[in-house]
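Engineer: sequence and predicted structure are below.
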Amino acid sequence: MNIKHIDAYQIYDSRGYPTLEVEVTLEDGTTGRGLVPSGASTGQFEAWELRDGDKSKFRGKSVYKAIENVRGEIANAIIGQSVFEQEAIDQKMIALDGTPNKSRLGANAILGTSMAVAYAAAKAKNIPLFEYLGNGKGYLIPLNEIQILGGGAHADWATDIQDFLVIAVGAKTYEETLEMTHNIYHAAGEVMKEKGKCVGIADEGGWWPDYIDNEEPFEVFMEAIKRAGYEAGRDVAISLDIAASDLFDGENYHLRLEDRKLTPDEFYDMMKLWCEKYPIVSIEDPFADTAFDYWKKFTDEFGDRVQIIGDDLFTTNIKRIKEGIDKGLANSVLIKLNQIGSVSETLKAIELTQNAGWLPVVSARSGETEDAFISHLAVATNAGQLKVGSFARSERMVKWNENLRIQRKLGDKAAFIGGKIYDRIFAKETV
Ligand SMILES: C=C(OP(=O)(O)O)C(=O)O
Ligand SMILES: [Mg+2]
């Protein structure tokens with residue numbers, strides 16, 4: 001089935017900033033839409049999100065140039081091509097762009113088209129997206145990583161740490177992860193309101209706190225877990241996204257909240273202390289994306305009991321992930337479609353991660369849309385984990401809820417292994 005028409009439009013994301021929607025129409029009238037998310041704490045090695053006007057201050061700027069590129073060059077190149085040739089279409093757009101980071105046509109223009117092509121292809125085959133993307137091999141319903149408190153760039157630096165998340169490692173079913181998280185999320189809100197520490201809701205739906213130091217959120221978190229009736233470390237574990245590149249000034253890590261600068265060694269010791277003191281099962285971007293020595297040292301020390309995720313470190317980029325695997329910098333990769341800018345490259349990044357015995361964590365962006373592509377991607381690839389921000393905004397819930405539907409569709413084929421996913425990385429060190 002060939003592509004007949006491609007169009008693009010400006011829509012708005014969950015933060016109310018402009019983004020792109022691409023619509024692909026096939027010869028039989030079938031359509032597919034790709035809605036492009038957008039980050040705030042973006043990594044320096046990400047593919048380029050094309051915005052109109054001053055490139056250095058792009059947040060909030062319109063995307064009409066990217067739209068023009070879809071309607072013009074991209075449409076000219078791929079109209080008439082079979083919609084089932086996902087990789088060939090993506091490669092054609094990459095070659096047409098001609099830059100290493102998709103900055104000429106825009107990673108947003110290319111990704112929107114790539115996602116729309118995948119959706120249209122699945123529809124043309126009359127199968128769900130997860131089945132199409134995974135060639136029918138997807139069956140694993142992912143373990144959720146859900147934000148309870150938001151900070152960093154997502155809450156105007158209310159805390160230095162960007163995400164305090166919960167992982168229901170003891171849950172026996174996907175439904176139970178949602179049940180446990182909803183209890184903890186609301187308990188945390190209650191604790192914070194009692195303490196007079198709740199300002200509102202951060203960008204991804206977690207509570208926006210008002211704190212004076214970086215350990216206070218841990219105390220609230222531990223109290224919320226207890227109040228919700230769970231045991232920290234057994235039923236649920238803590239996960240952090242430090243987003244450390246945002247704190248790093250090229251020399252030191254700047255804690256704005258306490259107005260302190262920590263040397264890389266001091267920062268390392270703080271990460272170490274937290275991992276020893278609290279039931280932390282997963283930590284993302286604990287160091288700056290250039291601080292390879294610290295990543296390596298930390299993985300050597302904690303990689304047998306903590307999932308160490310590279311987000312800004314790898315930016316879903318195959319070359320960077322390969323280098324990370326060769327050097328042993330982490331044991332997990334955050335997977336974001338728009339960091340690399342096409343569906344087929346994202347699938348390859350997941351495969352590479354899994355082949356190395358590492359864990360992929362499929363992730364949303366802080367600026368999201370009402371689309372649930374990533375829920376399908378996580379199941380299609382048996383990634384085993386999904387991170388979508390929090391629980392209290394519809395652009396997040398649409399992803400969690402979509403996995404309930406996918407699970408129903410899969411029926412007996414569906415499996416959920418919960419916290420056992422970590423045996424794949426933790427067992428290795430001890431065998
Ligand atoms: C989702 C994240 O935030 P952003 O989309 O702002 O990069 C993240 O850092 O993992
Ligand atoms: Mg991150």
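Structural biologist: Yep, that arrived. Numbers count the residues shown, from 1 in each chain. Ligands and ions are numbered 1, 2, ... in the order given.

Engineer: from here on, contacts and neighbour counts on C-alpha atoms
Structural biologist: Noted.

Engineer: who in the stretch 251-400 of the chain is up against ligand 1?
Structural biologist: With Cα under 6 Å from any ligand atom as the criterion, the stretch 251-400 of the chain meets ligand 1 at residues A364, R365, S366.

Engineer: I figured the last one was touching Y17, is that so?
Structural biologist: No - applying Cα atoms under 8 Å, one finds S366 not in contact with Y17, separated by 11.4 Å.

Engineer: helix or strand with the lowest mean pLDDT in this structure?
Structural biologist: Ranking every helix and strand in the chain by mean pLDDT, DSSP states H and E puts helix 423-430 at the bottom, with a mean of 76.

Engineer: helix, strand or coil for the residue of the stretch 251-400 of the chain found nearest ligand 1?
Structural biologist: For the stretch 251-400 of the chain, the residue closest to ligand 1 is R365, as judged by Cα to the nearest ligand atom, at 3.3 Å. Secondary structure assignment for R365 (DSSP: H, G, I helix; E, B strand; the rest coil): coil.

Engineer: which ones are touching it?
Structural biologist: Residues in contact with R365 (Cα atoms under 8 Å, 6 or more residues apart in numbering) are P37, S38, G39, A40, K336, V388, G389.

Engineer: please list all residues in contact with the residue of the stretch 101-250 of the chain at minimum distance from ligand 1.
Structural biologist: Here the stretch 101-250 of the chain gets closest to ligand 1 at one residue, A243, 5.9 Å apart by Cα to the nearest ligand atom. Residues near A243 by Cα under 8 Å, 6+ apart: S41, G152, I161, Q162, E284, D285, P286, F287, A288, D312.

Engineer: the fifth one bridge partners, please.
Structural biologist: It refers to E284. D241, I309 (DSSP bridges).

Engineer: need the pLDDT of it.
Structural biologist: Note on E284: pLDDT of 98.

Engineer: just checking, it touches I308?
Structural biologist: Yes - when contacts are counted by Cα under 8 Å, E284 is listed as touching I308 (5.8 Å).

Engineer: who has more neighbours out of the two?
Structural biologist: Ranked by neighbour count (other Cα atoms under 10 Å), E284 and I308 place I308 first, with 29 against 24.

Engineer: need the helices for the stretch 151-300 of the chain, in chain order.
Structural biologist: 174-194, 216-227, 264-277, 292-302 (DSSP state H, counting those that start in this stretch).

Engineer: adding mean pLDDT and mean neighbour count, write those out as TSV.
Structural biologist: Conversion of these to TSV gives the following (pLDDT from 0 to 100; neighbours: other Cα atoms under 10 Å):
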stretch	mean pLDDT	mean neighbour count
helix 174-194	95	19
helix 216-227	94	18
helix 264-277	98	14
helix 292-302	98	17
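
Engineer: with distance to I148 added, can I get those in a markdown table?
Structural biologist: A markdown table is the format used below for those (distance: least, Cα to Cα, whole Å):
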| stretch | distance to I148 |
| --- | --- |
| helix 174-194 | 6 |
| helix 216-227 | 8 |
| helix 264-277 | 17 |
| helix 292-302 | 24 |
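
Engineer: list phi and psi for R305.
Structural biologist: Per-residue torsions, R305: phi -140, psi -10 (degrees, to the nearest 10).

Engineer: quick check: the gap between the nearest residue to it once chain neighbours are set aside and D97.
Structural biologist: Nearest residue to R305 in three dimensions, chain neighbours excluded: F426, at 5.5 Å (Cα to Cα, 6 or more residues apart in numbering). Separation of F426 from D97 (Cα to Cα, to the nearest Å): 41 Å.

Engineer: and G39, by the same measure?
Structural biologist: Going from G39 to D97 by Cα to Cα gives 22 Å.

Engineer: what does D311 give?
Structural biologist: D311 sits 25 Å away from D97, taking Cα to Cα as the criterion.

Engineer: so the two - more neighbours on which side?
Structural biologist: Higher neighbour count among D311 and D97: D311, with 24 against 20, using other Cα under 10 Å.

Engineer: who are the contact partners of the more buried one?
Structural biologist: G43, E284, D285, V333, L334, I335.

Engineer: next, give phi and psi for the third one.
Structural biologist: Going back to what we said before, that points to D285. In terms of degrees, to the nearest 10, the main-chain angles of D285 are phi 40, psi 60.

Engineer: that one is in contact with D246, isn't it?
Structural biologist: No - between D285 and D246 there is no contact under Cα under 8 Å: 9.9 Å.

Engineer: which residue packs closest to K336, ignoring adjacent ones?
Structural biologist: S363 is the one closest to K336 (Cα to Cα, 6+ apart), at 5.4 Å.

Engineer: I'd say the one you found and L334 touch.
Structural biologist: Yes - because the distance of 6.4 Å satisfies Cα under 8 Å, S363 is recorded as touching L334.

Engineer: between those two, which has more neighbouring residues?
Structural biologist: L334 (29 against 22).

Engineer: can you pull the pLDDT of the more buried one?
Structural biologist: pLDDT, L334: 98.

Engineer: ok, now L257?
Structural biologist: At L257, pLDDT is 86.

Engineer: residues near it, how many?
Structural biologist: Neighbours of L257 (other Cα under 10 Å): 15.

Engineer: so what's it up against?
Structural biologist: L257 neighbours (Cα under 8 Å, 6+ apart): W157, A158, T159, D160, Y211, I212, D213, N214.

Engineer: of those - the most surrounded one?
Structural biologist: If you count neighbours using other Cα under 10 Å, the busiest of these is T159, which has 28 neighbours.

Engineer: contacting residues for that one?
Structural biologist: By Cα under 8 Å, 6+ apart, the contact list for T159 reads G150, G151, G152, P209, D210, Y211, D213, N214, L257.

Engineer: can you redo the residues you listed as CSV with distance to K226?
Structural biologist: Converted to CSV, those look like this (distance: Cα to Cα, whole Å):
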residue, distance to K226
G150, 20
G151, 22
G152, 25
P209, 19
D210, 21
Y211, 21
D213, 22
N214, 20
L257, 27
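
Engineer: can you tell me how far K413 sits from Y139?
Structural biologist: 6 Å.

Engineer: then G16?
Structural biologist: Counting by Cα to Cα, the separation of G16 from Y139 is 34 Å.

Engineer: next: I406.
Structural biologist: Distance from I406 to Y139, by Cα to Cα: 9 Å.

Engineer: ok, those two, which is more surrounded?
Structural biologist: Legend: neighbour count by other Cα under 10 Å for I406 and Y139, higher for Y139 (25 against 20).
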